[in-house]
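**Q** Okay, here's the prediction I keep looking at, along with the sequence it came from:
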Amino acid sequence: MSDFRVISAELNLRSSGVVASNNIIAVLPQGQIVTRIGSESDSEKWWQVRAIVDGRTLNGFVSKSFLSTVLDQFNFPSPNSSALGKKLNLWATFYFIPLVNHDSTGIDLLDMSGNKLGVKLSDKDWCSAAVEGTVNVRTGTGETKTFNFAGTGAVEQVNCRPFFPSLATISKTNKTRFGLSKGIFGEGVNGLKLVPYRSIAVDRTEIAIGTVIYIPAARGVKVIVPSGESTFHDGYFFAADVGGAIKDNHIDVFLGVANKNPFPFVKSNESGTFDAFIVNDASITKELKNAHS
């Protein structure tokens, strides 16, 4: 048996591994500790867990996508000189996932075929989702669903210029199409799940996807992890994403649903450069790859 934390704002504990309005046992808050005691034989999407709620011990099923221990852990040791490879000179921006509510009078999220995905957003939230590439939506049923950028449609659906007047790619943004993500924080490239404060978007001609980099200026920085607790960053990041504006020595640091940057080295200006290193440590690379899989 293993312990996990709830990383969404709240999570329904259910009597069976299906989404239904009549099988909710309790609502678990963010940061709640649960113990995995089994999984339904026909689906690894649902885990059977035990939780202590208001002094009561409850057994039930939860969606495993909203549980994690890995997302809270920033405890890799400082690298020794033999583990440090090529030295890089980088500059950084940051990106995050908008956390919004379904708006029954809003604009539909559409897939690449033009089919409705079952949620609607206000114009502003729709445009934020299109620009960031991922969005967490609290649905009308109390569930939280994550949608990722899937491509560009043929017709503009929303005019996002009032919200992003300086965006050069506004026409493409207005045509954004989405898909349901397999991870609570969305996906990068190659099906990799994004992990807050770990994932970075890179120019893959400069830094290969799957590369671990170490940023000395990140080590010891206080961050608020998805469980809601604070910890200190260990300085390691994983190349899991790309972006149209991410070129050359520019990286984009993923913050999850937090929209406030905790890292002093992230200046959002190409003159604000810092040192980083390629990490040649097989065990750390394996752990971070598993965290993104």
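**A** Cool, the structure landed.
**Q** Assign S271 to helix, strand or coil.
**A** Per DSSP: H, G, I helix; E, B strand; the rest coil, the secondary structure class of S271 is coil.
**Q** In contact with it, which residues?
**A** W91 (C-beta atoms under 8 Å, 6 or more residues apart in numbering). Quick note: C-beta positions are derived from backbone N, CA and C, even for glycine.
**Q** Pull the residues that contact stretch 90-97.
**A** With C-beta under 8 Å, 6+ apart, stretch 90-97 has contacts from 132-136, 146, 185-186, 200-201, 215, 243, 249-259, 261, 263, 265-276.
**Q** Which PyMOL command selects the buried ones in those residues?
**A** To isolate the buried members of those in PyMOL, using 16 or more other C-beta atoms under 10 Å:
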select buried, resi 133+134+135+136+146+185+186+200+201+215+243+249+250+251+252+253+254+255+256+257+258+261+263+265+266+274+276
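**Q** Can you tell me which of the contacts of stretch 90-97 end up in strands?
**A** 134-136, 146, 200-201, 250-254, 274-276 (DSSP state E).
**Q** Just checking: what are the partner strands of the longest strand seen in the chain?
**A** Longest strand of the chain, by residue count under DSSP E: strand 84-95. As defined by DSSP bridges, the strand partners of strand 84-95 come to strand 250-254 (parallel), strand 274-279 (antiparallel).
**Q** would a markdown table of these with distance to N59 and mean pLDDT be doable?
**A** As requested, the strands paired with strand 84-95 are exported to a markdown table (distance: least, C-beta to C-beta, whole Å; pLDDT from 0 to 100):
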| stretch | distance to N59 | mean pLDDT |
| --- | --- | --- |
| strand 250-254 | 34 | 98 |
| strand 274-279 | 41 | 98 |
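**Q** quick one: which of those is nearest S293?
**A** Across those, S293 has its closest neighbour in strand 250-254 (15.8 Å, C-beta to C-beta).
**Q** contacts for the closest one?
**A** With C-beta under 8 Å, 6+ apart, strand 250-254 has contacts from 90-96, 185, 194-203, 207, 237, 240-241, 243, 245-246, 261, 263, 266, 270.
**Q** Please apply the same query to stretch 49-58.
**A** 4, 13, 25-26, 28, 32-37, 59-62, 67.
**Q** And those residues, which of them are buried?
**A** Applying 16+ other C-beta under 10 Å to the contacts of stretch 49-58 flags 4, 13, 25-26, 28, 32-34, 36, 60-62, 67 as buried.
**Q** Poorly predicted segments of the chain, please.
**A** In the predicted model of the chain, residues 1-3, 39-44, 69-71, 142 satisfy pLDDT under 70.
**Q** what about 50?
**A** 1, 40-42 (pLDDT under 50).
**Q** what about the helices in this structure?
**A** Here the chain has its helices, by DSSP state H, at 123-132, 170-174, 282-291.
**Q** Out of those helices, which gets nearest to E229?
**A** When those are compared by C-beta to C-beta, helix 282-291 sits nearest E229, at 17.5 Å.
**Q** Only whichever of the contacts of strand 250-254 are buried, select them in PyMOL.
**A** Buried residues within the contacts of strand 250-254, by 16+ other C-beta under 10 Å, are selected in PyMOL with:
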select buried, resi 90+91+92+93+94+95+96+185+194+195+196+197+198+199+200+201+202+203+207+237+240+241+243+246+261+263+266
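**Q** Thank you, goodbye.
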